[in-house]
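>>> Let's see this in three dimensions:
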Amino acid sequence: MIPVRMDMEFRFFIFSLMLIGFGNTLQQFSNQPEYTEVNPGQSVVLSCKVQDKGGQCIWQRDRRPIGMYAGKYEWAADRDSGDCSLRISNAKLDFDDGLWECQVTNSAIDVLDSLTSEPAQLVVRVPPQMVSIVYNGSHVERPGNITVQSDTNAMVQCVSAGANPVPNLRWFIGDEEISHNAYQMNSTMEGTSKSWIATSTLEFKIRRDQHNRILRCVSEHEALLEKKLETGIKLNVQYAPVVSLRTSLPADLEEGVDSASILCEADANPPATIIWRKVGSLEILGLQENLEFDPIDRNHAGSYTCEARNAIGSSELVESTVDVKYPPSDVLVFGANDGNLIVPVGGSTRLECQADAKPAPLFKWFQKTEDGMIPRGEGRFLVLSSMSYEYQGEYHCSASNIISNRERSAISPSISLKITGPPQFVPFTDQHVTVTKGEDAILRLAFCSNPKPSKITWQWGHITLEAGAGLQGRYVAEAIIKSKRANCYEARLRIQRTEQTDSRFFSLTVENEKGSDLSTLTLHVTESVSLAAVVGVIVACLMLLILVTLCLLYAFRSERCCFSSKGNLKSSSDIEKGKLDLSLSNGHNGKLSSTSSVSIDISKKKFSSGYVSTDEFYPSYTESIPVEESVENSSIKSGKASLQYADLQLPRASNNGSMRAKSNRQKHPDYGLPSVTPVPCSPKNDTMNITNGNWPIRNIVNV
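Numbers count the residues shown, from 1 in each chain. Alright, predicted model coming up:
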């Protein structure tokens, strides 16, 4: 056997050398058929190309030769060129779907170069006939739903049958693809190898937010008009309740005024039952969503919990606090030492005020006295120390708070505080008394004593007189008088027809079984003043007042009539320059009789703007002035009358009668005229009549 085998190999080697030697080449594939899909009724070309083709081309399907038929199986190109491609027309699943092979026979009888291609699958597409979702072994028809529980793993299947080739199955929840959680298995349908069943199994964890969303299975296939076929079901996700609270509460929730509402919303499937409770109590307050308080009161204050339950489970507790505000009430005062409010003089005590209020109240303390309410402090506690009788009386406290920007307050009933101990004089009593000699004097001292005073004694000098002893000479020690303040009294000593010797210190000593106290006061007795002296002083004051008034009136009139220089009257220089014509004359032998008169015509005055009638400034008047003394060697001329100038006897204040300045006094000798006293002007006429030697010339300077 071994020699025979070696001989055959040798022969093959020699044959190969011969072929090479003669230059012949073997045929081979340059292109082989490949996997191809075609829709039913369409045409398709299976490619097969041979290089150095020398044999015949043959096609076979599923290892069975296929002959050429016009309109069905035809050569797609020129075979002589080596292109053995096959055109299949009107493709059908039953005839054309399968494994196709391209074969080439030997190029020569003695050349072993026949060719067979690798089988190529020709798939005649068939769209899937159905797609459905299977849950718990049952097909769920669209638009059905499946019930799943949140936070659990669910498994569903998608089945697509009747397709060729196998369809691609994809999963979606809404628009979210979850195919990564699925795997697909394919198998041919029973009785045929040309149709397939595709099954995709999806396992995923159910979430609460997937409730009422659509789970979709999509079968993708090229034979489909829209390239896909899908189905879907609704997920009925059941989950335990989740609750939230919404409150309707004002900023300040006031008792008896406002109302409140708390809403508990439960997100649950299936629907949940609401349970309301107050923290610290197992009592169920309600099973509805709303918990209402109308109107609200202080007993509603506190924290409330809401819980929801369904078949899946229970929610967590959520809590809401209701804060109710109310004004102070039940305001009470309590004393230290078990309410014993009898305190010794100099002792101390503490009072406490309590009230029911929210927000916490502010406390203020007051003492009720005969003079009204006295503030004593602020705060819950009032501490009184080093106490005297002024602290005894009725005490109460006020409690206040603010609700909705308004102050609310209440006052406690009063509590009585009593002081016991030795007597004490009331401070700030007037310690000085002043009376006029001969009048009665009453000396008063106030004091407090508990227990009541046993002995009250007035003392001055060497005299001692007990209160209530009655009259002793001019002195009366009256019985003590009880005052409005509890345990307080007033002692009086009346002194009749006081004398200077009564000006002294007086002391009062008060004693009781607890001790004593002493106080002094001073009496001042003054001399009386006579009625005549008083009347004289009053009259003198009145006369002085009248005199001052007259002087003021005179000064005012003088300033107005005589010394005004506002441009409407002439100065003495105007008179001197000839505006008033006064000339000396000897026509009357230097004298003017007591019956003679001088008339001065001042009907016109010259101003800077010309001569203006005096009627424009004053009403016309004529005034007669008596002249008591004769005037020598002078006369005054003015249109209608003349006057002896020497008879005027002007005072030296007027330059001895001269109408010129003092620098020219040597030209006008002193005529020795009597002094002239100015008198008020009498605006009656433009002419003055002078009838006597005493001539008032007050207005001459101004005219």
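>>> give me phi/psi at residue 194?
Torsion angles at residue 194 (phi, psi; degrees, to the nearest 10) stand at phi -100, psi -10.
>>> ugh, wrong one, I meant residue 60
According to degrees, to the nearest 10, residue 60 has phi -140, psi 150.
>>> Over to residue 76?
phi -90, psi -10.
>>> my read: it touches residue 88, true?
No - with contact defined as Cβ atoms under 8 Å, residue 76 does not reach residue 88; the gap is 9.4 Å. In short, each C-beta sits where N, CA and C put it, glycine included.
>>> These two: who's more crowded?
Taking neighbours as other Cβ atoms under 10 Å, residue 76 and residue 88 compare with residue 88 leading, 25 against 17.
>>> what residues are shared contacts of residue 76 and residue 88?
residue 45 (Cβ atoms under 8 Å, 6 or more residues apart in numbering).
>>> beta partners of residue 522?
When bridges are called by DSSP bridges, residue 522 pairs up with residue 432, residue 505.
>>> ok, it - how many residues close by?
Neighbours around residue 522, by other Cβ under 10 Å: 13.
>>> and it, what does it touch?
431, 432, 433, 504, 505, 506.
>>> can I assume the second one is in contact with residue 506?
This means residue 432. No - using Cβ under 8 Å, residue 432 makes no contact with residue 506, being 11.1 Å away.
>>> neighbour count winner among those two?
Between residue 432 and residue 506, counted using other Cβ under 10 Å, residue 506 has the larger neighbour count: 23 against 8.
>>> Next one: that one from residue 427, what distance?
Noted for residue 506: a distance of 18 Å to residue 427, by Cβ to Cβ, to the nearest Å.
>>> and the gap between the residue lying closest to residue 224 once chain neighbours are set aside and residue 220?
Using Cβ to Cβ, 6 or more residues apart in numbering and skipping the chain neighbours, the partner closest in space to residue 224 is residue 127 (4.8 Å). The spacing between residue 127 and residue 220, counted by Cβ to Cβ, is 11 Å.
>>> One more: residue 87?
Residue 87 is 29 Å from residue 220, by Cβ to Cβ.
>>> Residue 89 too?
For residue 89, the distance to residue 220 - Cβ to Cβ - is 28 Å.
>>> Residue 70 now?
Noted for residue 70: a distance of 37 Å to residue 220, by Cβ to Cβ.
>>> higher neighbour count, those two?
Neighbours were counted for residue 70 and for residue 220 using other Cβ under 10 Å; residue 220 has more, 16 against 7.
>>> Could you list everything that one pairs with in the sheet?
residue 168, residue 228.
>>> I'd like the numbering to begin with 166 instead of 1 from here.
With 166 as the first residue, the last one maps to residue 385.
>>> Now do the contacts for it.
Residue 385 sits in contact with 332, 333, 334, 335, 392, 393, where contact means Cβ under 8 Å, 6+ apart.
>>> can you check residue 691 too?
Contacts of residue 691 (Cβ under 8 Å, 6+ apart): 599, 600, 601, 602.
>>> shared neighbours, residue 597 and residue 671?
In contact with both residue 597 and residue 671: 686, 687, using Cβ under 8 Å, 6+ apart.
>>> I'd like the average pLDDT over the helix or strand where residue 583 lies.
In this assignment (DSSP states H and E), residue 583 forms part of strand 580-590. Throughout strand 580-590, pLDDT has a mean value of 91.
>>> Could you give me the buried positions within it?
Within strand 580-590, the residues that count as buried by 16 or more other Cβ atoms under 10 Å are 580, 582, 584, 585, 586, 587, 588, 589, 590.
>>> how far away is the most centrally placed residue in the chain from residue 419?
The residue lying closest to the centre of the chain (Cα atoms, centre = their mean) is residue 570, at 12.2 Å. Separation of residue 570 from residue 419 (Cβ to Cβ) stands at 11 Å.
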